[in-house]
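Chemist: sequence first, predicted coordinates after that:
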Amino acid sequence: MGFIIEGDEENDVVLEPPANFSMVEEGIYRSSFPQPCNFAFLETLKLRSIIYLCTEPYPEENLEFLRSHNIRLFQFGIEGKTEPSVATLKNSIRGALKILIDVRNHPVLIHCKRGKHRTGSLVGCLRKLQNWCLSSVFEEYQRFAGIKSRTTDLRFIETFDIISLRQCLHSLIYQYQGYGSKKRRLLYSEETVQKPQITSV
């Protein structure tokens, strides 16, 4: 589905979002893997960062788009075809969440290959951090995953330890205040922790 920005008839620009594109909340978006035909649409988001949840290297054409628009790439490789270990998944999701809730990285796009399972797991854990009830978290996950919903993802979201993450944010990087409210703020202290695995473009 595309959006048409009207110019004169010969120069109309069609903006095509990636499949499974949606706004998570102000400054946070989700989608499947962006294709070159989606680049014009992504330009309108004025992205500052992309969180990429696959293990494969980012395509050079996409990297060139990121370089030309000064967009940072944060890669947290999570296996898609085989189930990753819980420890690996937990570490990747925790690292991605730290990047995701840092407003200095907004606007930010989260994506994996199809924008369903890995992206849905990260968004589900964000919703838990925002104190959503579990039934609403699951409903949102299933809306994007459809018939390919994975019980292992839902179980992971349900058991993900938000309390330890909040403590980590407090003690290591952030003084955490009111995330999820209309006027949320993140107050920063000195960053003394090692950075997560990041590819910067």
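Modeler: Arrived safely, thanks for sending. Just so it is clear, the structure is predicted and the values come from calculations on it, not from any experiment.
Chemist: mind listing what's buried in stretch 129-148?
Modeler: Of all the residues in stretch 129-148, those buried under the rule 16 or more other C-beta atoms under 10 Å are 129, 130, 132, 137, 138, 140, 141, 142, 144, 145. C-beta: built from backbone N, CA, C; applies to glycine.
Chemist: surely the last one meets residue 117?
Modeler: Yes - using C-beta atoms under 8 Å, residue 145 is in contact with residue 117, at 6.3 Å.
Chemist: which is the next helix or strand following the longest helix seen in the chain?
Modeler: Ranked by number of residues, the top helix in the chain under DSSP state H is helix 86-100. Going down the chain from helix 86-100, the next helix or strand is strand 108-111, by DSSP states H and E.
Chemist: roughly how far is that following strand from the heart of the chain?
Modeler: Once both centres are worked out by C-alpha atoms, centre = their mean, to the nearest Å, strand 108-111 turns out to sit 4 Å from its chain's centre.
Chemist: stretch 68-81 now?
Modeler: Distance of stretch 68-81 from the chain centroid (C-alpha atoms, centre = their mean) equals 9 Å.
Chemist: what mean pLDDT does that stretch have?
Modeler: The pLDDT scores in stretch 68-81 average 88.
Chemist: same question for stretch 132-142.
Modeler: If you average the pLDDT over stretch 132-142, you get 90.
Chemist: check stretch 160-176 too.
Modeler: Stretch 160-176 carries an average pLDDT of 59.
Chemist: shaky segments in the chain?
Modeler: Flagging of the chain using pLDDT under 70 yields the residue ranges 1-12, 80-85, 164-201.
Chemist: quick one, helices of it?
Modeler: Ranges of helices in the chain, per DSSP H, are 39-45, 60-68, 86-100, 117-129, 134-145, 151-159, 162-168.
Chemist: export those as a markdown table, with columns for distance to residue 21.
Modeler: What follows is the helices of the chain, written out as a markdown table (distance: least, C-beta to C-beta, whole Å):
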| stretch | distance to residue 21 |
| --- | --- |
| helix 39-45 | 8 |
| helix 60-68 | 16 |
| helix 86-100 | 17 |
| helix 117-129 | 11 |
| helix 134-145 | 10 |
| helix 151-159 | 20 |
| helix 162-168 | 26 |
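Chemist: contacts only, for the residue nearest the centre of the chain.
Modeler: Residue closest to the average C-alpha location in the chain (C-alpha atoms, centre = their mean): residue 110, at 2.5 Å. Residues in contact with residue 110 (C-beta atoms under 8 Å, 6 or more residues apart in numbering) are 24, 28-31, 50-51, 53, 96, 100, 119, 122-123.
Chemist: what pairs with it across the strands?
Modeler: Beta-bridge partners for residue 110, by DSSP bridges, are residue 30, residue 51.
Chemist: distance of it from residue 101?
Modeler: 12 Å (C-beta to C-beta, to the nearest Å).
Chemist: any idea how far residue 61 is from the residue nearest to the centre of the chain?
Modeler: Applying C-beta to C-beta to residue 110 and residue 61 gives a distance of 20 Å.
Chemist: number of nearby residues for residue 41?
Modeler: Neighbourhood size, residue 41 [other C-beta atoms under 10 Å]: 20.
Chemist: with residue 152 instead?
Modeler: With other C-beta under 10 Å as criterion, residue 152 counts 13.
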